[in-house]
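*Asks:* have a look at this fold, sequence not included:
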């Protein structure tokens, strides 16, 4: 009799102490749970072994990336339900030890072990980064981390990002607008905040595939140096620059921002790059950019932020993101970012929160990926495509639920005399 799904449902509910808001389909074809809910597909017993050996987020991620676990139906609704069961329950050793004191939990765990079969732990999927965390954010480790995320293949990113090739939060006039228009509007917004004028020098830190550099040079007549640690991004960006006839205006370098020494610049844009810097290096990052600006020069720092913790010392990097998406990436509260920029000497003049805009952007990226799933999976590999689909969909929900945000911080290297160069009513960019 095929009854694995019913047994799983019963054991999961006993283990978690709450009803499962998903339908379950097991490897034997059996199903159990609400008929109108998204379906959690447990394709084999190996999925259970992954969860038992690594309870919580990382075990779920390994099962998803390897294809042992899947979701049919509304992905966002399923992830939203699962976030309350897994991601928000806590999964550190102390929490697990407390849970296992409960006889019902121990009984359910024994039931899952019996159902899972052979006890040996499955090897992690090959897409998982394996490294020591002993040396974070050196130039070598940063280059390796950036390569893991961005050197997936430009053809793959063309599918996900669309023609704009901008891999950061767009700026939407309306949810019904196009992704391309919203990304153009974001680049335009940044140029206006920086108040670029012909003949100025702009440094674009983490320049990606060159979109900001091209827009600023073409529309505002500035000379741009774009730096990235990704060889694939740089090659793609240089080709685009040449195609726009802007080789006299735009230089793309494979270079760490810490090695840029040819200042001063009139303006610096850092769009979706500071998340890679790391907490311990952030003040160094801010000081380096401050030193590269002329007096009166402006910095536009576009950065994802997390909600502050009551005990900041307890904060830890997200396991799934760290292992599969952004190795060594760290998020900080917006207050911490502003404080560090000011500690480096900047005067922070404007902070604009655009959290809802990123949720819209991510949903469009997920839709792009799903629309060309077969080709994307062929280009990047099925496991890597699964990683991107999961992290983008889960991130969209995180922005929608105010678990994380994104902010544009406009800061000035204000001269000693105090003249910031800002208009009395500076917000003319809206």
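*Replies:* Right, received. Where do you want to start? Being a predicted model, the structure only gives us computed values, none of them experimental.

*Asks:* so what's residue 362 closest to, chain neighbours aside?
*Replies:* Distance criterion CB to CB, 6 or more residues apart in numbering; nearest residue to residue 362, sequence neighbours excluded, is residue 396 at 3.8 Å. Quick note: C-beta positions are derived from backbone N, CA and C, even for glycine.

*Asks:* count of residues packed around residue 316?
*Replies:* 10 (other CB atoms under 10 Å).

*Asks:* ramachandran coordinates for it?
*Replies:* For residue 316, the backbone dihedrals (degrees, to the nearest 10) come out as phi -130, psi 150.

*Asks:* pLDDT value on it, please?
*Replies:* Residue 316 is assigned a pLDDT of 79 by the prediction.

*Asks:* does the residue nearest to residue 362 fall in a helix, a strand, or a coil region?
*Replies:* Under DSSP: H, G, I helix; E, B strand; the rest coil, the three-state class of residue 396 is helix.

*Asks:* and what of residue 189?
*Replies:* Criterion first, three-state DSSP; result for residue 189: helix.

*Asks:* hmm, back to that, the residue nearest to residue 362 against residue 83, yeah?
*Replies:* No. Here residue 396 does not reach residue 83: they are 11.9 Å apart, not a contact under CB atoms under 8 Å.

*Asks:* neighbour count: the two, which is higher?
*Replies:* residue 396 (22 against 17).

*Asks:* tell me the pLDDT at that one?
*Replies:* On the pLDDT scale, residue 396 gets 97.

*Asks:* wait, doesn't residue 205 sit right on residue 256?
*Replies:* No. Counting by CB under 8 Å, residue 205 stays clear of residue 256, with 9.9 Å between them.

*Asks:* mind listing the shared neighbours of those two?
*Replies:* Common contacts of residue 205 and residue 256, defined by CB atoms under 8 Å, 6 or more residues apart in numbering, comprise residue 227.

*Asks:* now do the SS call for residue 356.
*Replies:* helix.

*Asks:* now it: how far from residue 169?
*Replies:* 10 Å (CB to CB, to the nearest Å).

*Asks:* more crowded one of the two?
*Replies:* Taking neighbours as other CB under 10 Å, residue 356 and residue 169 compare with residue 169 leading, 28 against 16.

*Asks:* now the strands: where do they sit in the stretch 51-200 of the chain?
*Replies:* 69-72 (DSSP state E, counting those that start in this stretch).

*Asks:* all the helices of it, residue numbers only.
*Replies:* 57-66, 75-82, 93-99, 103-116, 139-150, 154-161, 179-194 (DSSP state H, counting those that start in this stretch).

*Asks:* doesn't residue 423 fall inside a strand?
*Replies:* No. Assessed with three-state DSSP, residue 423 is coil; it does not lie in a strand.

*Asks:* backbone dihedrals for it, please?
*Replies:* Dihedral angles (degrees, to the nearest 10) for residue 423: phi -70, psi 160.

*Asks:* what is the neighbour count of it?
*Replies:* So residue 423, with other CB under 10 Å, has 9 neighbours.

*Asks:* quick one, what contacts it?
*Replies:* Applying CB under 8 Å, 6+ apart, no residues contact residue 423.

*Asks:* burial of residue 130, as a residue count?
*Replies:* Number of residues near residue 130 (other CB under 10 Å) recorded here: 7.
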